[in-house]
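> Mind folding the following:
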Amino acid sequence: MSVVSQRKRIWGWYFFDWASQPYNTLLLTFIFGPYFTGTLSGNLMAEGMAEGAARAQAQAYWGWGLAAAGIFIAVLAPILGAIADNSGRKLPWILLFSVMYFVGSYALWWTAPQDFSVIWALFFFGIGLIGMEFATIFTNSYLPELHDDTAELGRISGSGWAFGYVGGVLSLVVMLALFQATPSGNTMFGLSPLFGLDPTTKADTRVVGPLTAIWFAVFMVPFFLYARDTRVTGAAPFLIGQSLRDLGRTLKGLPRHPSLMAYLGSSMFYRDALNGLYTFGGVYALGVLGWSIAQVGIFGIVAAISGAVFCWISGRVDRRVGPMPVIIFCVLALTFVSLLIVTITPQSILFISIAQGSTLPHVTFFIAGAVIGAAGGALQASSRNMMTRQANPERMTEAFGLYALSGKATSFLAPALIAFTSQITGSQRLGVSPVVGLFIIGLVLLIWVKPRGDFNK
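Predicted structure coming up:
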């Protein structure tokens, strides 16, 4: 096997973030998520349901679907990580999950409003989401191998996340410039939707599925060209029994590593809250503020650009002071902006009434989105680096499997709480309020986390 330089390995690793980010940007947050809830709520209203109740019900369905996918990921993530550590083989798994990503996202093309199926839309979205999340576990575990100086890992993680955000911005620009029609019938750039896509069938929006799939397939090429596995001598490809025993020992041993256990608990809550903001941000803007898909897309560009810039900056801050101060600052910022969002309506901000037709709520929500993009991206990049400090260096993929477990063990919680709150209040706005409490719990648990972890004395 040819030797790959460190620079190429790092850039290949960056390209996974670039290739996979559109699943979050285009599908989860800014295009398909709002399309799903908008289409479903329209169908429910056509069946006689009141508008407010229909929008809350659609948000609830979206939340329950994401919760189901999160449970599946939580169960399998640490097991797959243990298998990969014992065999030393990550690339075959990444290839498998890349296929799931491609198939799940491409299939979203078949979600036209005329024959819209909630079950099939959520099923294929879930397949792609599971593929994306599992592939991320294995690619994250390469991070400690990318540089001998652990102080550089924060910079590398931040730069990788920033590079991914740039990919997300560019994919969103492509979507809005070439495909997504505005109310005028043309795209944001004044063009007719490419390939003659018909806005009346929402083909201009549904194409986001194939676009995301093709984007991923093209830009994963550098990753597969430059990524290399470190083989475990004499290991079989699938050591399921041994891997389960090793995982069991790791779980039983967690109380002996209180910093790791506290960090897994903390990140479990604050990442769940952040995912709730990402997942329902576009849905919220469409339902509460009455934005169009194109407006939500522009909002996404602002948030993603902010995220790219601040990921790059935070990576340098992380290198200088470590990931802990970055994480604390970002969680505090996201807590305050979540409180702000819950108070934004077309008629008021922070419970203060404003003039009818004022643009202030829309401007404020744009600013909130920029803060979420900046703090959210920086938080995830530094959290990834913090995991390399908390984990056993000899069981890194398993550790990232546990990291995924902590992120997904309650990943159903934010969507489920939002779904439940939306249903009982009949309000999309109040429905997102539970994320505030999740951020606060995550912040409190950081008290017991050592900046260097238990394994790095």
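> which residues of the stretch 301-450 of the chain fall in strands?
Assignment of strands within the stretch 301-450 of the chain using DSSP state E, counting those that start in this stretch yields the ranges 348-349, 352-353.
> Tell me which of those strands is the most buried.
Across the strands of the stretch 301-450 of the chain, averaging neighbours per residue (mean count of other C-beta atoms under 10 Å) puts strand 348-349 on top, at a mean of 16. To be clear about C-beta, it is placed using only N, CA and C from the backbone, and glycine gets the same treatment.
> Mind giving me the packing neighbours of that strand?
Contacts of strand 348-349 with other secondary structure elements, assessed using 3 or more C-beta pairs under 8 Å, 6 or more residues apart in numbering; DSSP states H and E, are made with helix 360-390.
> mind checking how far the helix it packs on is from the chain centre?
For helix 360-390, the distance between its averaged C-alpha position and the chain's averaged C-alpha position is 11 Å (C-alpha atoms, centre = their mean, to the nearest Å).
> swap in stretch 190-198?
Shown here is stretch 190-198, whose average C-alpha point lies 29 Å from the average C-alpha point of the whole chain (C-alpha atoms, centre = their mean).
> so can I have CSV of the strands of the stretch 301-450 of the chain showing distance to G442 and mean pLDDT?
CSV is the format used below for those (distance: least, C-beta to C-beta, whole Å; pLDDT from 0 to 100):
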stretch, distance to G442, mean pLDDT
strand 348-349, 26, 80
strand 352-353, 29, 82
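> Next, format these as a markdown table and append distance to M387.
Below are those laid out as a markdown table (distance: least, C-beta to C-beta, whole Å):
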| stretch | distance to M387 |
| --- | --- |
| strand 348-349 | 37 |
| strand 352-353 | 41 |
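> Let me know which of those strands is the nearest to L264.
In terms of C-beta to C-beta, the element of the strands of the stretch 301-450 of the chain nearest to L264 is strand 348-349, at 36.5 Å.
> Burial check on N392, number of neighbours?
The local packing count at N392 equals 16, with neighbours defined by other C-beta atoms under 10 Å.
> Sorry, slip of the keys, the one I care about is W215.
Counted with other C-beta under 10 Å, residues neighbouring W215 total 24.
> and the host helix or strand of it, what other elements does it pack with?
Assigned by DSSP states H and E, W215 falls within helix 208-219. If contacts are counted by 3+ C-beta pairs under 8 Å, 6+ apart, helix 208-219 sits against helix 6-22, helix 32-46, helix 91-106, helix 152-178.
> which residues in the stretch 251-400 of the chain form helices?
Along the stretch 251-400 of the chain, the segments classed as helices by DSSP state H, counting those that start in this stretch run 258-288, 293-321, 323-342, 360-390, 396-408.
> Least confident of those, on average?
Per-segment confidence across these bottoms out at helix 396-408, which has a mean of 66 in mean pLDDT.
> Ok, which of the strands of the stretch 301-450 of the chain comes nearest W215?
Of all those, strand 348-349 sits nearest to W215, with 36.4 Å by C-beta to C-beta.
> Residues in contact with the closest one: which ones?
Counting by C-beta atoms under 8 Å, 6 or more residues apart in numbering, the neighbours of strand 348-349 from elsewhere in the structure are 340, 343, 354, 360-361, 364.
> for these, which one is nearest Y35?
Using C-beta to C-beta, the shortest approach to Y35 within the contacts of strand 348-349 belongs to P361, at 22.4 Å.
> from the chain's centre, how far out does the longest helix along the chain sit?
Scanning the chain for the longest helix, with DSSP state H as the assignment, gives helix 51-87. What separates the centre of helix 51-87 from the centre of its chain is 12 Å, taken as C-alpha atoms, centre = their mean.
> any idea how far N24 lies from I313?
Taking C-beta to C-beta, to the nearest Å as the criterion, N24 is separated from I313 by 20 Å.
> between those two, who's got more neighbours?
Neighbour count, other C-beta under 10 Å: between N24 and I313, N24 has more, with 21 against 15.
> and the more buried one, what does it touch?
Residues in contact with N24 (C-beta under 8 Å, 6+ apart) are 132, 168, 278.
> okay, these in JSON lines with neighbour count and distance to Y106 next?
Listed next are the contacts of N24 as JSON lines, based on neighbours: other C-beta atoms under 10 Å; distance: C-beta to C-beta, whole Å:
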{"residue": "M132", "neighbour count": "26", "distance to Y106": "13"}
{"residue": "G168", "neighbour count": "31", "distance to Y106": "18"}
{"residue": "Y278", "neighbour count": "20", "distance to Y106": "22"}
